[in-house]
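J.: sequence and computational prediction follow.
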Amino acid sequence: QVQLVESGGGLVQPGGSLRLSCAASGSIFSINAMGWYRQAPGTQRELVATITSGGRTNYADSVKGRFTISRDNAKNTVFLQMNSLKPEDTAVYYCNADLTRPLVYGSIRSDYWGQGTQVTVSS
């Protein structure tokens, strides 16, 4: 099967930086897009940033200019560099991968999610 393992969350002061990583492993044909989403208490999960296999990126307006998404295709890993963090960035951050994996006959394209990593921005 497929696993997404996140790392890099933690507690940081306002204005600080954190770098999240997410590595996909298992039986994978190809990864089409990877991304980061977040969910604060009492809110719905929202998109933070996505990146395609070709490197095209998309950001939520609230993080443009502060967050940078990147990926290492050879290692099936996506990163989120978060700078100038604000208290409103506090949330559980989830990694997502839109990938194709092999079946006995053929293949299947599916979405996978990591377990989430807590990011807390507070003084």
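T.: Structure received.
J.: which residues in this protein form strands?
T.: All strands of the chain, identified by DSSP state E, fall at 2-7, 10-12, 18-26, 30-39, 46-52, 57-59, 67-72, 77-82, 91-102, 107-113, 117-121.
J.: tell me the most buried of those strands?
T.: strand 77-82 (a mean of 22; mean count of other CB atoms under 10 Å). Any C-beta I mention is one placed from the backbone N, CA and C, and that applies to glycine too.
J.: I'd like to check the angle between it and strand 46-52, please.
T.: Strand 77-82 and strand 46-52 are oriented at 130 degrees to each other (axes from the mean of the first three to the mean of the last three CA atoms, to 10 degrees).
J.: make a markdown table from the strands of the chain and add mean pLDDT to it.
T.: Formatted as a markdown table, the strands of the chain follow (pLDDT from 0 to 100):
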| stretch | mean pLDDT |
| --- | --- |
| strand 2-7 | 95 |
| strand 10-12 | 97 |
| strand 18-26 | 97 |
| strand 30-39 | 96 |
| strand 46-52 | 97 |
| strand 57-59 | 98 |
| strand 67-72 | 97 |
| strand 77-82 | 98 |
| strand 91-102 | 96 |
| strand 107-113 | 92 |
| strand 117-121 | 98 |
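J.: the residue sitting furthest away from the middle of the chain and G26, how far apart?
T.: Distance from the C-alpha centroid of the chain peaks at Y105, with 30.1 Å (CA atoms, centre = their mean). Taking CB to CB, to the nearest Å as the measure, Y105 falls 19 Å from G26.
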